[in-house]
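S.K.: 3D model of this:
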Amino acid sequence: MFRALTVFLFAAAAAAQPADQAKADLQQRIAAIRQSIAHNQQQLRQYSWTETVEMVLKGETKKREQNDCSYGPDGKVVKNPIGTPAPPAKKGLKGKIAKNKIEDLKEYMDRVGSLMRRYVPPDPQAMQAAFQSGKASLTPGSGVVSFVDYAKPGDKVTLAFDVQAKAIRSFNVATYLDDPKDAVNLQADFSALPDGTNYLEHSVLVATAKELQIKTTNSGYHK
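M.R.: Numbering: from 1, shown residues only. Below you'll find the model as predicted:
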């Protein structure tokens, strides 16, 4: 009886060791990600850059605009439009219909924008909270960390982190508006400036219900 109990306890302890190590590895990885985010947010405040945004609706490019971007004293990004303003809207019935469609889409995009601000930029506190609630995982042998129920029930955030460079390489979000059928997905790819500062180079936001894509590219960084 005593021998059997000893064997059982030994086996249980042996099984617990890999689980404890996995948890420690995950905590270490999240700590490195949080440190990287804090460092890069500070570094990026020295820079100005050009943002190019393209809106594609049902496969057709509807709008393209560029902005000069930089951080203001309050730490928020300030955007100044580049180029000429959009041409005046068409008059008559067709113009009214087009205007109504644009207003409906604008309202929808405002909601999508509000939703995505819960995910972007990556929030170190939210990541830590997900870890503490047992909703974070590390893919063995890779730098990929996943979070579920990150900002909404049933959502998922996947982040690829380069351990050697101490930098985020990609950040993907799978979420939704009011209903899971109204899916909203974001794929974001990061790159590095000459001084090593990590920045969001390109992203594609897809709102499936509206067959809408928002493509954003950041370029021309300078101090």
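
S.K.: Which helix or which strand is home to D189?
M.R.: Assessed by DSSP states H and E, D189 sits inside strand 183-192.

S.K.: Under the pLDDT cut-off, which ranges of this protein? List them.
M.R.: Along the chain, the model assigns pLDDT under 70 to residues 1-18, 84-103.

S.K.: for it, what spans make up the helices?
M.R.: 2-44, 92-116, 124-132 (DSSP state H).

S.K.: Tell me which residues touch S219, please.
M.R.: Contacts of S219 were listed using C-beta atoms under 8 Å, 6 or more residues apart in numbering, and they are 49-50, 52, 201. Just so you know, the C-beta spots here come from the backbone N, C-alpha and C atoms, and that holds for glycine as well.

S.K.: Go again with 6 Å.
M.R.: T50 (C-beta atoms under 6 Å, 6 or more residues apart in numbering).

S.K.: what pairs with it across the strands?
M.R.: S219 forms beta bridges with T50, as assigned by DSSP bridges.

S.K.: just use 9 as the starting number from now, easier for me
M.R.: Happy to do that; since the first residue is 9 now, the last one works out to S227.

S.K.: And stretch 165-184, what's buried?
M.R.: Within stretch 165-184, the residues that count as buried by 16 or more other C-beta atoms under 10 Å are 165-169, 175-184.

S.K.: err, stretch 50-57, not the other one
M.R.: Neighbour count says stretch 50-57 has 52, 55, 57 buried, by 16+ other C-beta under 10 Å.

S.K.: okay, those residues in JSON lines with distance to Y158 next?
M.R.: Formatted as JSON lines, the buried residues of stretch 50-57 follow (distance: C-beta to C-beta, whole Å):
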{"residue": "L52", "distance to Y158": "23"}
{"residue": "Y55", "distance to Y158": "28"}
{"residue": "W57", "distance to Y158": "27"}
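
S.K.: between the residues you listed, which is nearest G142?
M.R.: Proximity of the buried residues of stretch 50-57 to G142 (C-beta to C-beta) peaks at L52, which lies at 32.0 Å.

S.K.: now the closest one: how far from L208?
M.R.: From L52 over to L208 the distance is 9 Å, taken as C-beta to C-beta, to the nearest Å.

S.K.: Show me whatever sits in contact with both of the two.
M.R.: Overlap of the contact sets of L52 and L208 (by C-beta under 6 Å, 6+ apart) is empty.

S.K.: and E73, what does it touch?
M.R.: Residues near E73 by C-beta under 6 Å, 6+ apart: V61.

S.K.: now with 8 Å?
M.R.: Going by C-beta under 8 Å, 6+ apart, E73 touches 60-61, 89-91.

S.K.: List only those of those residues flagged as buried.
M.R.: Buried residues within the contacts of E73, counting neighbours by 16+ other C-beta under 10 Å: T60.

S.K.: Just the ones of the contacts of E73 in strands?
M.R.: Residues of these located in strands (DSSP state E): 60-61, 89-90.

S.K.: Columns distance to A32 on top of those residues, output as TSV?
M.R.: Formatted as TSV, those follow (distance: C-beta to C-beta, whole Å):
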residue	distance to A32
T60	42
V61	41
P89	48
I90	48
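
S.K.: Go through the residues you listed and name the one nearest T225.
M.R.: For these, the minimum distance to T225 (C-beta to C-beta) is 4.6 Å, reached by T60.

S.K.: Great, nothing more from me.
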